[in-house]
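Trainee: fold the following for me, if possible:
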Amino acid sequence: MSTKLSIATYSYEHTEALFDGRVKIDGVDATFATEPLVSDIFRNMLDGRYDVAEFGLTYFLRTFDLQDAPFMALPIFPNRNFRHSAIFVNTAAGIEKPQDLAGKTIGEFALFGHDAGVWPKGILSDEYGVTVDQCRWVIGGTDHPIPPFDWIPQPVPEGVEVRRTADGQTLGAMLESGEIDALISVDVPQALLNGSTKIARLFPDYESVERDYYRRTRIFPPMHIVAVRKERAHHTDALRAIYRAFVEAKDLAERTYVRDASKQHMSLVTPWFSNLFENNRRLLGEDWWPYGLGANRRAVDTFLRYHHEQGLSKRLLNSRDIFVPEFLDT
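Mentor: Model prediction:
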């Protein structure tokens, strides 16, 4: 008898085969869903709508400080990104190098410690000596006002100044006007995309910086995991089938790029993509988007440390605390 489960993930190219049925989940009667905003998946998972769902790492970890943590994780990482490129500065703020961020007022998208913020703040601390308590923080939407994400715990460490934007304010406009000195955001400010000279990236040649970061650390930063409700965590066979299906769907997407290299990726509209693809394979390897804990343990442990150091987790968690035990050997 198959296990009936509702599963939600964002619609990526590496999850597409789950939605269109090319990849089946053995022994599971799965209902797949997605949402217009990936954060809506997180919120609806927290509200009990799904059995298994993609979850932002910080949103997931914050639930471990609730009285009864409701989730465990599967080592599936559907969203990952290098994040040196997520730090933006006002060009008149006198910020020429990372150390210049100390003492500045910095905006951050959505909440203090969003997934795309935990990583760069941790890197700023590890590599440049800039810690969160050295800065003032303003939380809000980048180009559109957003309400507080009050459906998830929002801890602020003692001694760190954090405030929200006023009604109607956006961080992108505040950065361009100089009301804030810098911004850490998953979203690129529209003004920068429109060619504003008042906003720049902290690391102008961010690709070279991020490639160097990977060479030194072997970390391709994960942003999201897949969470399962604790009352479903004992369905080990079903969860292993889900894990295998996510891996297969991801592998299908990777194999498409490998196969199309012989035709110089002529199905894509991006020129010189084949050169980028080959450079990425040389650096990141044949499986450049790995699932499983073994290939991601260093990245996971680093994020867990950053999360604790930034005052977002009451205690330093480890992999055994957060992953379904049967997946610790993946």
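
Trainee: residue ranges with poor pLDDT in the stretch 101-250 of the chain?
Mentor: Of all residues in the stretch 101-250 of the chain, none has pLDDT under 70.

Trainee: tell me where it has helices.
Mentor: 115-128, 171-177, 190-193, 206-217, 236-260 (DSSP state H, counting those that start in this stretch).

Trainee: flag every buried residue along the fourth one.
Mentor: With burial defined by 16 or more other Cβ atoms under 10 Å, the residues of helix 206-217 counted as buried are 206, 209, 210, 211, 213. In this view, the C-beta of every residue, glycine as well, is placed from N, C-alpha and C.

Trainee: one more: the first one?
Mentor: By neighbour count, with 16+ other Cβ under 10 Å as the criterion, the buried positions of helix 115-128 are 115, 116, 117, 118, 119, 120, 121, 122, 123, 124, 125.

Trainee: and for the longest one?
Mentor: The neighbour-count check on helix 236-260 (16+ other Cβ under 10 Å) flags 238-243, 245-247, 249-252, 254, 257, 260 as buried.

Trainee: mind listing what the nearest residue to residue 106 once chain neighbours are set aside touches?
Mentor: Spatially, and ignoring its direct neighbours in sequence, residue 106 is nearest to residue 182 (4.6 Å; Cβ to Cβ, 6 or more residues apart in numbering). By Cβ atoms under 8 Å, 6 or more residues apart in numbering, the contact list for residue 182 reads 87-90, 93, 95, 101, 104-107, 175, 202.

Trainee: how much space between the most centrally placed residue in the chain and residue 91?
Mentor: Geometric centre of the chain, nearest residue: residue 223, 2.0 Å, by Cα atoms, centre = their mean. Residue 223 is 28 Å from residue 91, where distance means Cβ to Cβ, to the nearest Å.

Trainee: likewise for residue 36?
Mentor: Per Cβ to Cβ, residue 36 is found 34 Å from residue 91.

Trainee: what are the ranges of the strands in the chain?
Mentor: 3-8, 28-33, 52-56, 71-74, 87-90, 105-109, 136-140, 161-164, 182-184, 199-201, 224-229 (DSSP state E).

Trainee: tell me the strands beside the third one, with direction?
Mentor: Strand 52-56 has these partner strands in its sheet, going by DSSP bridges: strand 3-8 (parallel), strand 224-229 (antiparallel).

Trainee: check the second one too.
Mentor: Sheet pairing for strand 28-33, assigned by DSSP bridges, gives strand 3-8 (parallel).

Trainee: relative orientation of the strand it pairs with and helix 236-260 in degrees?
Mentor: Interaxial angle, strand 3-8 versus helix 236-260 (axes from the mean of the first three to the mean of the last three Cα atoms, to 10 degrees): 50 degrees.

Trainee: now strand 3-8: mean pLDDT?
Mentor: The pLDDT scores in strand 3-8 average 95.

Trainee: now that strand: buried residues?
Mentor: 3, 5, 6, 7, 8.

Trainee: just give me the closest of those to residue 294.
Mentor: Within these, proximity to residue 294 (Cβ to Cβ) peaks at residue 7, which comes in at 23.7 Å.

Trainee: give the bridge partners for the residue nearest to that closest one when sequence neighbours are not counted, please.
Mentor: Of all residues not flanking residue 7 in the chain, residue 52 sits nearest, at 4.6 Å (Cβ to Cβ, 6+ apart). On the basis of DSSP bridges, residue 52 is bridged to residue 7, residue 228.

Trainee: and for the one 4 residues further on?
Mentor: On the basis of DSSP bridges, residue 56 takes part in beta bridges with residue 224.

Trainee: tell me who's in contact with it.
Mentor: Counting by Cβ under 8 Å, 6+ apart, residue 56 touches 38, 39, 42, 114, 115, 223, 224.
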